[in-house]
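Q: model this:
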Amino acid sequence: MLGLSLRQHAPGVPRIALLERTGLAEDVAQLRLLLERARWQVWLVPARRVRSSMPWYYDGIFAKIEVFRMPLEKVVYLDADTWVRSPEVLQLFEALRDRPLAMTRDINSWKGHQAGVLAVRPSPAHFRSIETHVMAGENDQRAINNAYNRTEIHTLPRRFNMHGSAAADIDAVVVHFTGYAVKPSAPRVDLLRKVSSGEALDGGLESGGAYYGEYFRAMIGPACFGYLSQALQVRLHQVVRNTSFVRASSLLGYRLTRASSAAQPQNKHNI
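A: Sure, this is the predicted structure:
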């Protein structure tokens, strides 16, 4: 869903998906296939086992630190549970005019910057510092904050990373389904019914029900549906069989049968 939203709002910008080699090989291969179908260029990166009483708890979450050593002048990074709603996302590149890193404030209990959406000028020195903090047991966000001096971080407006309790009164550029909540694309009928009706999931966007409903309508739309996993397509069909929602979705012009057989558009993007 993130890749498809970027294809719409940031066409022509290369898209790279960082995928850690963790878990079953067949699961990694299946995820890679889904990402490539959505026109991501997939980079497999090594998994990191950190110093912790539960090292497996952190499996799969440290791929983002690889952006800090990419051989590129500027990189915009977005967590996999984000979704882009506007071409304003391209303004993130311009946030690096006078500082090497740009993030929004974390509006939750921790007072640093939120690392789910960031723009960065990659730096091998900063990468080494981040990796040192990670291997000492810090999570990715705390490690990034600790590796940069506060004067090096440009604070972005919160509409570029709408997360937690900050979803009430701002027209978001990037919606971020943070927290320990099950994500709105989980292939579960009970949760998808809530999402379809614009109900925020527990532990996610506290006041962002409208974004959940919008996200659901995007998933069943012709631009996205055919790219989703088979399990998710099946569950979405089950939810849409609800008479009241079928009527509403028809008015919006969504057609699942058309979406599921939509041809994959040609493009050269990768981010």
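
Q: Okay, buried residues for stretch 131-144 please.
A: Of all the residues in stretch 131-144, those buried under the rule 16 or more other CB atoms under 10 Å are Glu131, His133, Val134, Glu138, Asn139, Asp140, Gln141, Arg142, Ala143, Ile144. Backbone N, C-alpha and C define where each C-beta goes, glycine included.

Q: just curious, which of those residues is nearest to Val76?
A: Within those, the smallest distance to Val76 is 14.5 Å, found for Ile144 (CB to CB).

Q: Could you tell me how many residues sit around the closest residue in space to the closest one that isn't next to it in sequence?
A: Leaving aside its chain neighbours, Ile144 sits nearest to Ala115 (5.0 Å; criterion: CB to CB, 6 or more residues apart in numbering). Neighbourhood size, Ala115 [other CB atoms under 10 Å]: 22.

Q: check contacts around Ala115.
A: Lys64, Met103, Asp140, Gln141, Ile144, Asn145 (CB atoms under 8 Å, 6 or more residues apart in numbering).

Q: Against Thr104, how distant is it?
A: The spacing between Ala115 and Thr104, counted by CB to CB, to the nearest Å, is 9 Å.

Q: still on that earlier bit, so which of the contacts of Ala115 belong to strands?
A: Met103 (DSSP state E).

Q: wait, is Gln233 part of a helix?
A: Yes: inclusion of Gln233 in a helix is indicated when DSSP: H, G, I helix; E, B strand; the rest coil is applied.

Q: so it makes contact with Phe225?
A: Yes: applying CB atoms under 8 Å, one finds Gln233 in contact with Phe225, separated by 6.6 Å.

Q: between the two, who's got more neighbours?
A: Set Gln233 next to Phe225 and count neighbours by other CB under 10 Å: Phe225 wins out with 24 against 19.

Q: what comes up buried for stretch 96-110?
A: Leu96, Arg99, Pro100, Leu101, Ala102, Met103, Thr104, Arg105, Asp106, Ile107.

Q: and the helix or strand hosting Arg128, what other elements does it pack with?
A: For Arg128, the host element (DSSP states H and E) is helix 124-135. Contact partners of helix 124-135 among helices and strands, from 3 or more CB pairs under 8 Å, 6 or more residues apart in numbering; DSSP states H and E: helix 140-147.

Q: so what strands line up beside the next helix or strand after the helix it packs on?
A: Along the chain past helix 140-147, the next helix or strand (assigned with DSSP H and E) turns out to be strand 153-155. Neighbouring strands of strand 153-155 in its sheet, by DSSP bridges, are strand 101-105 (parallel).

Q: List of residues touching the strand it pairs with?
A: With CB under 8 Å, 6+ apart, strand 101-105 has contacts from 92, 95-96, 111-115, 117-121, 126, 144, 148, 152-158, 160-161.

Q: all helices for this structure, in order.
A: Here the chain has its helices, by DSSP state H, at 2-9, 25-37, 91-94, 124-135, 140-147, 189-196, 209-219, 230-240, 243-251, 256-260.

Q: Can you list phi and psi of Arg121 for me?
A: The phi/psi pair for Arg121 (degrees, to the nearest 10) reads phi -90, psi 110.
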